[in-house]
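J.: Attaching a predicted model along with its sequence, questions to come.
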Amino acid sequence: MAQAVPAGQKWWSGGKSPFNVEYGKLMMWYFLMSDSFTFGAFLISYGSIRFATNGWPNPNEVFKAFPFMGDTNLPLVFVSLMTFILIMSSVTMVLAVAAGHNNDRKKVTFYMILTVIGGLMFLGCQAWEWWHLHSEGAWWGQNPFLNADGSKASTNFTNFFFTITGFHGFHVFSGVVINAIMLIKNLRGDFAKRGHYLMIEKAGLYWHFVDLVWVFVFTCFYLL
């Protein structure tokens, strides 16, 4: 049973929300919820156009290149590597949060470094993929790929691809910046002085959200 708020004391005093959750963490959840609506609108729009169109490029033919190897007979290998990198960075973020709960500053630093590196590697992979597709003539308003049935494809595929993956890439970049800031603050000993690592946990919520969204983006563009 919730305790009554003493007279003259505000419910938000002490950094607690009325849901017995730390206020900053609650606001992060609100932000992620609103951001999920944006991604959901993008993906629903994509799905509506995708399944209302008779022809669509085959992802096995579009995404079959690998750095320094050109087109391979192993489609989706590169994007699978990208996905693995991002998922592993989520694992290292979990370990960083766990280390924060144990007030282990050194382990927090170690795992945050790995998380930032993972994010940068993913962004590098995405930059290469965009460069490769652009070199083949793909861009907003340009689609060089044929439909699976051999007919000429519309630009809906490339327009949606670059918009949604670009929007997600911006979130990954923002997450890398946030994690880098958290790493610097940890190196300075800011969290150790406070006696808690709540900021690491909040950054972790954002990073896990970015990873989860990629699962849906990966499914929609690369598998369907």
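T.: Arrived safely, thanks for sending. None of the values given here were measured: they were computed from a predicted structure.
J.: drop to CA atoms for contacts and neighbour counts, all remaining ones
T.: OK.
J.: Please report the distance of H171 from T155.
T.: In this view, H171 and T155 are 24 Å apart by C-alpha to C-alpha, to the nearest Å.
J.: Could you pull out the helices in this protein for me?
T.: Using DSSP state H, the helices of the chain run over residues 23-52, 59-62, 77-101, 105-135, 156-187, 190-194, 198-218.
J.: need those helices in CSV with mean neighbour count and mean pLDDT, can you?
T.: Output for the helices of the chain, formatted as CSV (neighbours: other C-alpha atoms under 10 Å; pLDDT from 0 to 100):
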stretch, mean neighbour count, mean pLDDT
helix 23-52, 14, 91
helix 59-62, 17, 89
helix 77-101, 20, 95
helix 105-135, 19, 96
helix 156-187, 18, 96
helix 190-194, 14, 88
helix 198-218, 19, 94
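J.: Need these in JSON lines (columns: distance to L224).
T.: As requested, the helices of the chain are exported to JSON lines (distance: least, C-alpha to C-alpha, whole Å):
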{"stretch": "helix 23-52", "distance to L224": "9"}
{"stretch": "helix 59-62", "distance to L224": "8"}
{"stretch": "helix 77-101", "distance to L224": "14"}
{"stretch": "helix 105-135", "distance to L224": "19"}
{"stretch": "helix 156-187", "distance to L224": "12"}
{"stretch": "helix 190-194", "distance to L224": "44"}
{"stretch": "helix 198-218", "distance to L224": "9"}
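J.: doesn't L114 make contact with A180?
T.: No - under the criterion of C-alpha atoms under 8 Å, A180 is not in contact with L114, lying 10.7 Å apart.
J.: Relative to G141, which of the helices of the chain is closest?
T.: Of all these, it is helix 156-187 that lies closest to G141, at 6.4 Å by C-alpha to C-alpha.
J.: That closest one vs helix 105-135, what angle?
T.: 160 degrees (axes from the mean of the first three to the mean of the last three C-alpha atoms, to 10 degrees).
J.: How about L74: what's its closest non-neighbour residue?
T.: Excluding the flanking residues, the one nearest L74 by C-alpha to C-alpha, 6 or more residues apart in numbering is K64, at 6.3 Å.
J.: Can you tell me how far the nearest residue to E136 once chain neighbours are set aside is from L187?
T.: Spatial nearest neighbour of E136, excluding adjacent residues (C-alpha to C-alpha, 6+ apart): P144 at 7.2 Å. For P144, the distance to L187 equals 48 Å [C-alpha to C-alpha].
J.: Same question for V217.
T.: Distance from V217 to L187, by C-alpha to C-alpha: 34 Å.
J.: What pLDDT does the model give P67?
T.: pLDDT, P67: 86.
J.: Double-check M112 against N179; I have them as touching.
T.: Yes - using C-alpha under 8 Å, M112 is in contact with N179, at 6.9 Å.
J.: Contact partners for L223?
T.: P59 (C-alpha atoms under 8 Å, 6 or more residues apart in numbering).
J.: Send me stretch 66-86 as PDB with only the CA atoms.
T.: C-alpha atoms of stretch 66-86 as PDB (Å, rounded to 0.1, in the frame of the first residue of the first chain):
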ATOM      1  CA  PHE A  66      30.900  -8.100 -48.400                       C
ATOM      2  CA  PRO A  67      33.800  -5.600 -47.900                       C
ATOM      3  CA  PHE A  68      36.800  -6.500 -50.000                       C
ATOM      4  CA  MET A  69      35.000  -9.400 -51.500                       C
ATOM      5  CA  GLY A  70      32.400  -7.800 -53.700                       C
ATOM      6  CA  ASP A  71      29.200  -9.700 -54.400                       C
ATOM      7  CA  THR A  72      29.200 -13.200 -52.800                       C
ATOM      8  CA  ASN A  73      27.000 -16.200 -53.000                       C
ATOM      9  CA  LEU A  74      26.300 -15.800 -49.300                       C
ATOM     10  CA  PRO A  75      23.500 -13.200 -49.100                       C
ATOM     11  CA  LEU A  76      22.900 -11.300 -45.800                       C
ATOM     12  CA  VAL A  77      26.200 -12.400 -44.300                       C
ATOM     13  CA  PHE A  78      27.400  -8.800 -43.900                       C
ATOM     14  CA  VAL A  79      24.200  -7.600 -42.300                       C
ATOM     15  CA  SER A  80      24.200 -10.600 -40.000                       C
ATOM     16  CA  LEU A  81      27.700  -9.600 -38.900                       C
ATOM     17  CA  MET A  82      26.300  -6.100 -38.200                       C
ATOM     18  CA  THR A  83      23.500  -7.500 -36.200                       C
ATOM     19  CA  PHE A  84      25.900  -9.700 -34.200                       C
ATOM     20  CA  ILE A  85      28.100  -6.700 -33.400                       C
ATOM     21  CA  LEU A  86      25.100  -4.700 -32.200                       C
END
